[in-house]
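Q: give me a model of this one.
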Amino acid sequence: MAVSLTRNSIAAIVNGDLNLKPLVQVVDIKLIGTSQERYRLLISDAVSTQQAMIATQLNDRVKFGLVRKGSIIQLIEYICSDVQSRKIIVVLNMEIIVSECEIIGNLPGGGHSISGNALPNNNAFNPVRLQTSKVSASRMSANTQSFNPTVQPAYQPPPNYKSHGPIVKNEAPARIIPIAALNPYQGRWAIKARVTAKGDLRRYNNAKGDGKVFSFDLLDSDGGEIRCTCFNAVVDRFYDVIQVGKVYMISKGSLKPARKDFNHLNNEWEIFLETTSTIDLCPDEDAAIPRQQFSFRPISEIEKAENNSILDIIGVVITVNPSVPILRKNGMETQRRIINLKDMSGRSIELTLWGDFCNREGQALQELFDYGDFPVVAVKAAKVNDFSGKSVGTISSTQLFINPDIPEANTLTEWFSHVGKDTAAQSISRDIMPVGGKNEIRKTISQIKDEGLGRSERPDWVAVKATITFIKTDTFCYTACPLMIGDRQCNQKVTKSGNTRWVCDRCNQEFEKCDYRYLLQAQIQDNSGLTWLTAFQESGEEIMGCSAKELYRLKYEEQEDDRFAELIRSRLFAQYLFRLKIKEETYGEEQRVKITIVKADRIDYPVESRYLLDTILKHRFR
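A: Next up is the predicted model:
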């Protein structure tokens, strides 16, 4: 095998031409003894030599003997810097063409050093012509013959990938394999897939400095999905190239374990593209590759989904709220819009649109809904939130499809037109008691424990007639966010920012005054036993007869301790009919049954008497 170096390329690089991809030879290697291992090379283009240094991520290529004295390498990515008034080439990425061969060119006599470093004296070499004395072990096993000396034509830089395909043409095309067959132990591979989603370009700052990153999702004809991620210089190459819906041939990337907290795709691996990676547009777009692939979950199942999990849902839009501005922590303003979806499971859920979704798909939904239509929305990659029930929201990789032409959407439209429009749906996004009046289930306090209420997958809703025997007064409320999210208040707990302002992590916004909401803990008792329960805002107001803000002002601002104590005492030993939500929750590693007051009504004795009479009559005539 004969190789010709790219003559005069070193002089061109030193003079500022960084577009070359030259073949050069390593004629010396030295380990620099600093706090971090660095390797300095002396490289040659057969005419001149130049000091170079390889990036630390390439150190293993020297440690494992892939790059040594005599190696022929191709400089793929590099910069030329001034170090102590001398030029040095910093190699960021390179291809190893030949691991070991004789030195090319009669450099000691005819060559010169651009950086002023004389090349160590060597035995006489055959100028320009190359004849290797050794080859790598892997090549020796396949072919033990020496290379034949041949004069090669001048090296030509590889073509630009945007118009001519792969960047490096030194090897045969990689074999196309299904996405499902990808694994980190393969050698060369290529996949043909459609881009189904493209994330936003994000910038970050960490201990290593500033950077930028974006990801896109791929789907092939076998239904395999995988995410590709690009950083920094690779972002510059591919961000404008990638278009959602287009089919590409992709090769030369590294596979790493998928980060499941960010990646919802059904694949344990994720592709990280590199400077040597290639992406080629396939003009035929391949009709065998679907445009999108969904894995829909019924809304009723989302009640049991883990917080922050990523899933696909589809539903009929039953409400659309206006878009509202939200100020993020970084000072940038974004938009938020809440819509409600309903499906055939008999449940509805809130979907929060963020950023561009509000003005793009959100505005389209608003216009359809105002016109009297109930559009179907399919959501790819929605994020689950468990604040005040379960809801879902958009993230950077989310995709929204309005009235998509898919079987699930057609079935949902047909159901809503004939049945669903007039069928009530229970929201899983708010704590709403589903029973009441004649349908309520009466229990005693002892029955809550004896019957194991609250320990099933869904909460139990019951009514209990009992007396309040104790109210905790040290903490009876919390500081809450006063901002509105659509038609409802945020109510997230807020913290002080400085001496005067409050900050809400959910809304990413600061304000001068917060709200106060009840978090009232009380003990109740009936003839069968006693238990502790919690009352939030509405039920707290029903019990105390005033707002949490008024009670807070009375105790902490006006410091009317006697009036405060008297108000608390007046609420004790009165009988209430409590509507309760009972659900087992996890605190740390411990499972506890939490009882929440949904509604608290003072006993209406005429109504209660009729209830007791009806109960007696039912038992009497059984």
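Q: isn't residue 585 right up against residue 534?
A: No. Checked against CB atoms under 8 Å, the pair residue 585 and residue 534 is beyond contact range at 11.3 Å. C-beta: built from backbone N, CA, C; applies to glycine.
Q: these two: who's more crowded?
A: Applying other CB atoms under 10 Å to residue 585 and residue 534 shows that residue 534 carries more neighbours, namely 16 against 11.
Q: the more buried one: what's it in contact with?
A: By CB atoms under 8 Å, 6 or more residues apart in numbering, residue 534 lies in contact with 519, 520, 521, 522, 594, 595, 596, 597.
Q: ok, what's across the strand from it?
A: In this entry, residue 534 is beta-bridged to residue 521, residue 596, by DSSP bridges.
Q: quick one, domains of this structure?
A: Following automatic domain parsing, the chain resolves into domains at 9-142, 163-281, 299-427, 437-476+519-612.
Q: returning to that earlier point: show the buried residues in the contacts of residue 534.
A: For the contacts of residue 534, a burial check counting by 16 or more other CB atoms under 10 Å picks out 519, 520, 522, 595, 596, 597.
Q: tell me the one of the residues you listed nearest residue 577?
A: Minimum distance to residue 577 across the buried ones among the contacts of residue 534 is 10.8 Å, recorded for residue 597 (CB to CB).
Q: now the contacts of residue 534 in a markdown table, please, with extra columns for distance to residue 179 and pLDDT.
A: Listed next are those as a markdown table, based on distance: CB to CB, whole Å; pLDDT from 0 to 100:
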| residue | distance to residue 179 | pLDDT |
| --- | --- | --- |
| 519 | 49 | 92 |
| 520 | 54 | 93 |
| 521 | 53 | 94 |
| 522 | 57 | 94 |
| 594 | 44 | 90 |
| 595 | 49 | 93 |
| 596 | 46 | 93 |
| 597 | 52 | 92 |
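Q: any chance of those residues in a markdown table, with distance to residue 251 too?
A: Shown next, in a markdown table, are these (distance: CB to CB, whole Å):
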| residue | distance to residue 251 |
| --- | --- |
| 519 | 57 |
| 520 | 63 |
| 521 | 62 |
| 522 | 66 |
| 594 | 54 |
| 595 | 59 |
| 596 | 56 |
| 597 | 62 |
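Q: which parts of the stretch 251-400 of the chain are strands?
A: Using DSSP state E, counting those that start in this stretch, the strands found in the stretch 251-400 of the chain span residues 269-281, 310-320, 324-327, 333-342, 347-354, 376-385, 391-393, 399-402.
Q: all helices of the stretch 51-200 of the chain, in order?
A: Secondary structure of the stretch 51-200 of the chain (DSSP state H, counting those that start in this stretch): helices at 59-63, 107-110, 137-142, 161-164.
Q: comparing the ones you listed by mean pLDDT, which bottoms out?
A: Lowest mean pLDDT of those: helix 137-142, a mean of 35.
Q: and which of the contacts of residue 534 is nearest residue 373?
A: Lowest distance from residue 373 to the contacts of residue 534 (CB to CB) belongs to residue 596, with 37.5 Å.
Q: what about that closest one, distance to residue 185?
A: 52 Å (CB to CB, to the nearest Å).
Q: likewise residue 8?
A: Counting by CB to CB - residue 8 and residue 185 are separated by 41 Å.
Q: between those two, which is the more surrounded one?
A: In this view residue 8 and residue 185 are compared by other CB under 10 Å, and residue 8 has more residues nearby, 14 against 5.
Q: ok, now which ones touch the more buried one?
A: Shown in contact with residue 8 (CB under 8 Å, 6+ apart): 45, 47, 48.
Q: not counting residues beside it along the chain, what's closest to residue 217?
A: Leaving aside its sequence neighbours, residue 217 sits nearest to residue 197 (CB to CB, 6 or more residues apart in numbering; 4.3 Å).
Q: the one you found contacts residue 381, doesn't it?
A: Yes. Using CB under 8 Å, residue 197 makes contact with residue 381 at a distance of 7.1 Å.
Q: what do those two both touch?
A: The overlap between the contact sets of residue 197 and residue 381 (CB under 8 Å, 6+ apart) consists of 397, 399.
Q: residue contacts, residue 455?
A: So residue 455 contacts 584, 593 (CB under 8 Å, 6+ apart).
Q: picking that back up, which one of the contacts of residue 8 is nearest residue 538?
A: residue 45 (79.8 Å).
Q: now the closest one: how far from residue 68?
A: With distances taken as CB to CB, residue 45 is found 18 Å from residue 68.
Q: these two: who's more crowded?
A: Per other CB under 10 Å, whichever of residue 45 and residue 68 has more neighbours is residue 45, with 26 against 13.
Q: next one: the more buried one, what pLDDT does it get?
A: As summarised for this prediction, residue 45 has a pLDDT of 91.
Q: and the domains of the chain, which one's lowest on average pLDDT?
A: Sorting those by mean pLDDT places domain 9-142 lowest, at a mean of 72.
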